[in-house]
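> got a predicted structure plus its sequence, pasted below:
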Amino acid sequence: MIRRGLSAYAIFLASDLVISWLIIGMVLHETLSLTQWGQILTVNLVIAIVEMLAAVRVLRVREQKIAAMTRKVQGMLQNEEPAHILLKKTDPYYDLTMTINQLQTHQQQLLREKAQQGEELKLLLSYLPIGVMVIDNYRKVELANAAMAELLQVPISPHRHPFAQDIQQYELVALINKVFEDKETRRQVITLPGMPTEKRVEATVVYTSTSEDFFQILVLLYDITEIFTVEQMQMDFLTNASHELKTPVTAINGFAETLLDGAKDDPAILDQFLKIIQQESQQLSELVQDILSLSRIESQSVTQHDLTRVHLGAMIDDQFKVLQQLAEMKHVTLINQVADDVQVVTDQSKCIEVLKNLLSNAIKYNREGGQVTVRFEQTATSWTLHVADTGIGISQDDQSRIFQRFYRADNSRTKQVVSGTGLGLAIVAELVSAMKGTINVQSQRGVGSTFDVIFQRLQLDE
Ligand code: ADP
C-alpha cells in the first residue's frame, strides 16, 4: 500500500517538477545561466524528497491504524474481547474506530445475554421431571437433560453424537424414525427396561422446522409408571372385589333357590342349607367390611392421627378376650408377654385394627393346640410388637405377596380350611404405613410365623 502510494506520489512530484521548471523557463527565458537552472532544480529536488518522506510517514501511520482495526474485527469474529482502539477526535479514522468499538460492546452484550439464556435453559431442563432430548436433522443429539439420562439409564454425552448411541429401545427408535420420515408429531406409550423395575413412559416426539432445510426433533418422555400402576391396581381391585362378592352371593342364591324348589321340606337339608347361607352371608358381610375399611384408610382422613397414651398390655388382653372363642375352637393358647406398665403413644383405633387382624390370622392359621405369643421391645427411637404363632407357616414366595389385596397363600389348602377375604394383611399394611411404621414377616412352613410391627417412639404435646 505504501509502495503504491509512494509511486503515485513520485509521479505527481516529477510532473510537478517538470511543470514548475517549464513555467520558470518561460518567465525567465534566456536570463538564467546553466548554474542557476541547476540550483533551482536542486532546491526543487530537496523539497520533493522532504515531501515524500512526510508522505511515507503519514501512510505508514494510516496503515498501522487499519491493521489494528482489522485485527480487532477478526478478534470479534472469534468471539474474543480485543481492547478498544482509541483515537483523537481529529483523526480521520475516529468515527470508524468508534463504530467498531460500539459494535464490539453490543456484540459482547448479546453474547452475555445468550450465555445467560443458555444457563437458564440448562437449569430449567435439569429440574424438569420430564425427559427432554433435542435431535437435529443429522440425527445427532444437540441437547438432553438429566431426567432423560435417568429414564434411558445411560450417561448422555454433552457433545453432539448420534441419538442411536443413547436410545436403543426398539419402539422408541421406531417412533423417532417415523417422525423423521413423516415429519409429523407422534405420541405413544412405551415400556422402557429399567432397574429395579421397568418404566412406562408416554413418549411424545415433536417435529419442529425453522426453515425449509433445517428441522429438529424434540423427544419428550413423561414417566407414567406410577399412574399406570395405580390404574392397574384399581382395575385389579374392582375385578377381584366383584369376583369375591359374586361367589357368596351366587352360593346364597343357589341354596335359597334349591330350598324354594322343595328341598325345604326335608328338615335335615333345610338345616344344612340354612347354615351354608348363614356362613356365606357372614363371608359377604366380612368382605364388605374389609372393602369399606380399605377405602376408609385410603381416604385422606387416615393421615390424621388421633394420638393417645396407650397401655399396650391391657389393649392386647382386650383383644385376646374378643378372640377367645376363636382360639378355644382350635385349642390355641394366647400368651401376652407385654409387661403391665408398658405405655406407647399411638393412634389407638388403628393399632387395635392392626393387632386384631394379626391375632386372628395367628389363630386361624395355627395348628390344633398351638400357641400365639405377643412380645414387646423398644429402643431409644422405636418400639416393636412381635406376634408369633406356631401355625402352618408361609412359604418364601408367598411372604412377599400376602400383603397384596385379595391374595391368599396356597389357596387350595387355606381357602377350604380357613375362611377369609384376603384383605386383612392389606389393611394392616396400609394402616402401618399410614402411621409411618413398617411390618416384616419371618416364617417357616410347618413351624410358624412371626409378624413384627415397628413404630417410631412419639411424644405427646402436653
Ligand atoms: P385372609 O382373610 O385370607 O386371612 P389376610 O390378608 O389376612 O387374608 O392374609 C393373607 C394370606 O396370608 C392368608 O390367606 C394366609 O394364606 C396368609 N397368612 C396370613 N397370616 C398368616 C399366619 N399367621 N400364618 C400363616 N399364613 C398366614
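The structure has been received and is ready for your questions. Since the structure is predicted, the reported quantities are computational estimates derived from the model, not experimental observations. Numbers count the residues shown, from 1 in each chain.
> please make it C-alpha for all contacts and neighbour counts, starting now.
OK.
> what helices or strands is the longest helix seen in the chain leaning on?
Determined from DSSP state H, the single longest helix within the chain is helix 34-77. Helix 34-77 is packed against helix 2-27, helix 94-127, with contacts defined by 3 or more Cα pairs under 8 Å, 6 or more residues apart in numbering; DSSP states H and E.
> could you tell me the least trusted of the ones you listed?
Ranked by mean pLDDT, the helices and strands packed on helix 34-77 end with helix 2-27 in last place, scoring a mean of 64.
> and the gap between the most centrally placed residue in the chain and residue 460?
The geometric centre of the chain, computed from its C-alpha atoms, lies nearest to residue 129 (Cα atoms, centre = their mean), at 4.0 Å. Look at residue 129 and residue 460: by Cα to Cα, to the nearest Å, they are 38 Å apart.
> outside of stretch 64-78, which residues touch it?
Stretch 64-78 has contacts (Cα atoms under 8 Å, 6 or more residues apart in numbering) with 81, 82, 83, 85, 97, 100, 104.
> once you drop chain neighbours, what's closest to the fifth one?
Read it as residue 97. Nearest residue to residue 97, sequence neighbours excluded (Cα to Cα, 6 or more residues apart in numbering): residue 85, at 6.3 Å.
> for that neighbour, which three-state class applies?
Secondary structure state of residue 85, per DSSP: H, G, I helix; E, B strand; the rest coil, is coil.
> residues touching it, list them.
Contact analysis of residue 85 by Cα under 8 Å, 6+ apart lists 68, 69, 97, 98, 101.
> repeat that for residue 406.
Counting by Cα under 8 Å, 6+ apart, residue 406 has contacts 240, 241, 421, 422, 423.
> average pLDDT across whichever strand or helix holds residue 317?
Here residue 317 sits within helix 312-329, counting by DSSP states H and E. Helix 312-329 comes out with an average pLDDT of 95.
> buried residues in that helix, which are they?
By neighbour count on 16 or more other Cα atoms under 10 Å, the buried set for helix 312-329 is 312, 313, 314, 316, 319, 320, 323, 324, 327.
> the longest helix of the chain vs helix 94-127, what angle?
Inter-element angle recorded for helix 34-77 and helix 94-127: 10 degrees (by axes from the mean of the first three to the mean of the last three Cα atoms, to 10 degrees).
> any idea how far helix 34-77 is from the chain center?
Centroid separation between helix 34-77 and its chain, computed with Cα atoms, centre = their mean, to the nearest Å, is 72 Å.
> go on, stretch 292-301?
In this view, stretch 292-301 has its centroid 29 Å away from the chain centroid, taken as Cα atoms, centre = their mean.
> got the contact list for stretch 315-326?
334, 336, 352, 355, 356, 360, 363, 364.
> next, give phi and psi for the second one.
Read it as residue 336. Backbone torsions for residue 336, taken as degrees, to the nearest 10, come to phi -100, psi 110.
> if I pick it, what's in contact with it?
Residue 336 makes contact with 313, 316, 317, 373, 374, 375, according to Cα under 8 Å, 6+ apart.
> enumerate the residues of this protein near the ligand.
Contact residues, the chain versus the ligand (Cα under 6 Å from any ligand atom): 361-362, 365, 391-394, 402, 407-409, 420-426, 449.
> many thanks, we can stop here.
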